[in-house]
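Engineer: okay, here's the prediction I keep looking at, along with the sequence it came from:
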Amino acid sequence: MTEEIKTIAGEQNATPQMHDAKKLKVIVIGPNDGGVRKTKTALLLGSIAKASGLTTMFVCADSGIGSLSASLKLGGPNPVELFERKEMPDYAAVLVAQAREHKADVVVIDLGANEMLNSASRRTLRAALPALRTLGHETHVILSVIPQKVGLEEDASQFARRMESCATISLAVHGADQDGELSKFRELMADYQHFHVSSDHGAILHLTSKAGVTPFDWVLAPPSQFTMAAGLMAHNLLKLAKQGTMMQMFGSAQAIGELEKLARSRPHNFYTNRNAEWQVHDDALAADEAEIQANHRLLALSDDAADIALVPAARAYIAASRMKVSAYRGAMQACT
């Protein structure tokens, strides 16, 4: 590995150079704020990359609960490296060497909360990104934003301004599908390309974290009692892959074809705000669908509908509701 790396002679600040090596896509997830779904964004981007046939190496800058390394687990099927908090002037060379070792095409760096407030980390990354660009690698910074976080627009804007000279800036916008108030990000969304992320991932991300895999890996091989949830995640990944920013970043036509096959014939119109494992159990989701369909048939009847139509529809809805309660109880027991 080391014989592939040399320094450009005659420069005051030596820069690592790679020869005859494929070019990487290096994606940094910010900004500084915690709780803005950076790790979720990292996992979903890695999923689109994998669905596109690309090998992804993840870099975690936060080893705490809910971090990228906790979700994917060191030593698991997806390569994960740790971002050291000490200053590393040669980090571009280190990162390229790690990517070569893992045969990676894409590197996703999840900075974790407040990582760029650490001066050593900030200097490391701000030196590495221009060096990587000089070597011909693609560099991207993704700003993960959510509606309800106070002051996030200022942090995201400052982060973007600091990084835009050495990376392509994009926004991962969460919450739009739940009518989140995004007006405070209007200027950022006008200045930079952006993509929307579906909100309904909580329970599935919990399951994928238990398995130590990306959502795409989990969709390919879900546990037997969560095939409907896997189909729902495939639908959400498909919506993400079809967006222009993803097409530009990953050339995700292959991902779209793969995800369309996985999502085909799977229900997805009743999946909202599921945060517990039992709520995405096949029995629970099937019961939800039956109740919703029975309710739709009941509501479709006019106010002056005859009892001959109204009574059977009402009975069917009551029966579906009872079955739902029973299914929920069974799913809760199965998941404990």
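Structural biologist: That came through, no problem. Everything numeric here is computed off the predicted structure, so don't read it as measured data. Residues are numbered from 1 along each chain as shown.
Engineer: what number of residues lie near the nearest residue to A263 once chain neighbours are set aside?
Structural biologist: The shortest distance from A263 to any non-neighbouring residue, by Cβ to Cβ, 6 or more residues apart in numbering, is to A234 (3.9 Å). Yep, even glycine has a C-beta here, placed from its N, CA and C like the rest. For A234, the count of nearby residues is 26 (other Cβ atoms under 10 Å).
Engineer: grab the most central residue of the protein for me.
Structural biologist: Per Cα atoms, centre = their mean, the C-alpha nearest to the average position across the chain is that of L44, at 2.3 Å.
Engineer: V173 contacts L182, correct?
Structural biologist: Yes. Here V173 reaches L182: they are 6.5 Å apart, a contact under Cβ atoms under 8 Å.
Engineer: overlap in contacts, those two.
Structural biologist: M189 (Cβ atoms under 8 Å, 6 or more residues apart in numbering).
Engineer: please report how far G244 lies from Y328.
Structural biologist: Using Cβ to Cβ, to the nearest Å, G244 is found at 39 Å from Y328.
Engineer: where do the helices of the stretch 101-250 of the chain begin and end?
Structural biologist: Assigned by DSSP state H, counting those that start in this stretch, the helices in the stretch 101-250 of the chain fall at 119-134, 152-163, 186-191, 202-211, 215-220, 227-241, 244-250.
Engineer: kindly calculate the angle that the longest one makes with helix 152-163.
Structural biologist: Going back to what we said before, that points to helix 119-134. 50 degrees (axes from the mean of the first three to the mean of the last three Cα atoms, to 10 degrees).
Engineer: can you spell out which helices and strands pack onto helix 119-134?
Structural biologist: strand 25-30, helix 91-101, strand 138-145, helix 152-163 (3 or more Cβ pairs under 8 Å, 6 or more residues apart in numbering; DSSP states H and E).
Engineer: neighbours of S183, just the number please.
Structural biologist: Residues near S183, counting by other Cβ under 10 Å: 9.
Engineer: likewise the one 10 residues further on?
Structural biologist: Q193 is surrounded by 14 other residues when neighbours are defined as other Cβ under 10 Å.
Engineer: which helices and strands does the top helix by length along the chain pack with?
Structural biologist: Counting by DSSP state H, the longest helix found in the chain is helix 307-334. On a contact count with 3+ Cβ pairs under 8 Å, 6+ apart, helix 307-334 meets helix 282-299.
Engineer: and the angle from the helix it packs on to helix 307-334?
Structural biologist: Using the same axes, to 10 degrees: helix 282-299 against helix 307-334 is 160 degrees.
Engineer: list the buried residues for helix 282-299?
Structural biologist: For helix 282-299, burial by neighbour count (16 or more other Cβ atoms under 10 Å) applies to 282-292, 294, 297-298.
Engineer: so for the residue nearest to A263, what's the pLDDT?
Structural biologist: Predicted confidence (pLDDT) for A234: 93.
Engineer: for the one 3 residues further on, same thing?
Structural biologist: We have a pLDDT of 95 for L237.
Engineer: which residues does it contact?
Structural biologist: 44, 47-48, 51, 215-216, 219, 255, 259.
Engineer: any chance of the residues you listed in CSV, plus distance to N32?
Structural biologist: Output for those, formatted as CSV (distance: Cβ to Cβ, whole Å):
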residue, distance to N32
L44, 20
S47, 24
I48, 25
A51, 30
P215, 25
F216, 28
V219, 31
A255, 30
L259, 32
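Engineer: just the buried members of those residues?
Structural biologist: Counted by 16+ other Cβ under 10 Å, the contacts of L237 give 44, 47-48, 51, 215-216, 219, 255, 259 as buried.
Engineer: would you reformat these as TSV and include pLDDT and distance to K103?
Structural biologist: Shown next, in TSV, are the buried ones among the contacts of L237 (pLDDT from 0 to 100; distance: Cβ to Cβ, whole Å):
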residue	pLDDT	distance to K103
L44	97	22
S47	97	18
I48	97	19
A51	96	17
P215	96	22
F216	97	18
V219	94	23
A255	96	19
L259	94	23
